[in-house]
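**Student:** What shape does this take:
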Amino acid sequence: MTTERPVADAHSVTAERPVGIDELLERVRADLDRVEARAAHDAARAGDALLVDIRYAALRERDGLIPGALVVERNELEWRLDPQGSHRAPEATSHDLRVVVVCNEGYASSLAAVSLRQLGLHRATDLVGGFQAWQAAGLPVDTATA
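**Tutor:** Now for the predicted structure:
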């Protein structure tokens, strides 16, 4: 028998007392099954996860793209990945979709993954270390189309 832990939200995190960003990250990450770069690569190649790159354009242009990743600006993320939304991306097929959010260094992506979980995407998580960890692991990067 498994017990589900409630998804952290802004209200439950701040209702007790104000917290700093480091504490907030620690709290929300406790509920995420964060993924290392190699595992994210393998899951995406096997069709078991959708990588979603939320980095802003200047970083994508500077560093390149993860081949096959869906690029969605952070300010559009919830609208594009909500399976019930009128502005959803074609890849947003189900609340069971395993989404791995990728930011530059793995901070903003944790907060974004929690937001997706609040929409019912219960398998949403993020990439530990973000794009920089992906690149450092020697995983594929496409610089031609960035």
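
**Student:** Find the residue closest to residue 112 in space, skipping its chain neighbours.
**Tutor:** Excluding the flanking residues, the one nearest residue 112 by CB to CB, 6 or more residues apart in numbering is residue 101, at 4.8 Å. The C-beta positions use only the backbone N, C-alpha and C, and glycine is treated the same way.

**Student:** any idea which element the one you found lies in?
**Tutor:** Assessed by DSSP states H and E, residue 101 sits inside strand 99-102.

**Student:** Packing partners of the next helix or strand along the chain from that strand?
**Tutor:** For strand 99-102, the following helix or strand on the C-terminal side (DSSP H and E) is helix 108-118. In terms of contacts (3 or more CB pairs under 8 Å, 6 or more residues apart in numbering; DSSP states H and E), helix 108-118 is packed against helix 21-29, helix 77-81, strand 99-102, strand 125-126.

**Student:** For residue 51, find the nearest of the ones you listed.
**Tutor:** With CB to CB as the measure, strand 99-102 is the member of those nearest residue 51 (5.2 Å).

**Student:** mind listing what the closest one pairs with, with the direction of each?
**Tutor:** Here strand 99-102 has these sheet partners by DSSP bridges: strand 50-53 (parallel), strand 125-126 (parallel).
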